[in-house]
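Student: show me the folded form of this:
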Amino acid sequence: MSTTTTPPKDKLVGDLKAIIADAEELLKLTAGQTGEKLGDVRGRMGERLAAAKERISEAEAAIIDSGKKAARATDDYVHEHPWQSLGVAAGVAFLLGLLAGRR
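Tutor: This is a model prediction of the structure:
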């Protein structure tokens, strides 16, 4: 899957946190409303918000963990193959220079 068509995971987590915050605010604002049906809906919404918060926390931890693993793997590779890493970096810099020079 291309990264241009899907949003980054950390932006998605941030958006979900904003939605949860808005839903919590809505629950607080409707707390003074009475009615059995409204109370039931608020209760279910509160439970679902708690579950969503838990899942978002887990997803955020997984994202951070995978980022750390990728950084460690890159660091290990660079230490094991310094000349190849230098060559790749020089090649990327050269290509970026070519692209920048065309504009």
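
Student: specify the local secondary structure of Lys17.
Tutor: Three-state call for Lys17 (DSSP: H, G, I helix; E, B strand; the rest coil): helix.

Student: could you number the chain from 8 rather than 1 from now on?
Tutor: Sure, I'll start numbering at 8, so the last one becomes Lys24.

Student: phi first, then psi, for His88.
Tutor: phi -130, psi 70 (degrees, to the nearest 10).

Student: got a pLDDT number for it?
Tutor: For His88, the pLDDT comes out at 92.

Student: output the longest helix belonging to this protein.
Tutor: Once the chain is assigned using DSSP state H, the helix that runs over the most residues is helix 43-87.

Student: restricting to C-alpha, output stretch 26-34 in PDB.
Tutor: C-alpha atoms of stretch 26-34 as PDB (Å, rounded to 0.1, in the frame of the first residue of the first chain):
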ATOM      1  CA  ILE A  26     -12.900  12.500  18.200                       C
ATOM      2  CA  ILE A  27     -12.900  10.800  21.600                       C
ATOM      3  CA  ALA A  28     -12.300  14.200  23.400                       C
ATOM      4  CA  ASP A  29     -15.300  15.600  21.500                       C
ATOM      5  CA  ALA A  30     -17.500  12.700  22.400                       C
ATOM      6  CA  GLU A  31     -16.500  13.000  26.100                       C
ATOM      7  CA  GLU A  32     -17.400  16.700  26.000                       C
ATOM      8  CA  LEU A  33     -20.700  15.800  24.400                       C
ATOM      9  CA  LEU A  34     -21.300  13.300  27.200                       C
END
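
Student: tell me the secondary structure of Gln40, please.
Tutor: coil.

Student: work out for me the element the nearest residue to Gly53 once chain neighbours are set aside sits within.
Tutor: Once flanking residues are discounted, Gly53 sits nearest to Leu34: 6.2 Å by Cβ to Cβ, 6 or more residues apart in numbering. From N, CA and C alone the C-beta is placed, and that goes for glycine too. Per DSSP states H and E: Leu34 is located in helix 16-36.
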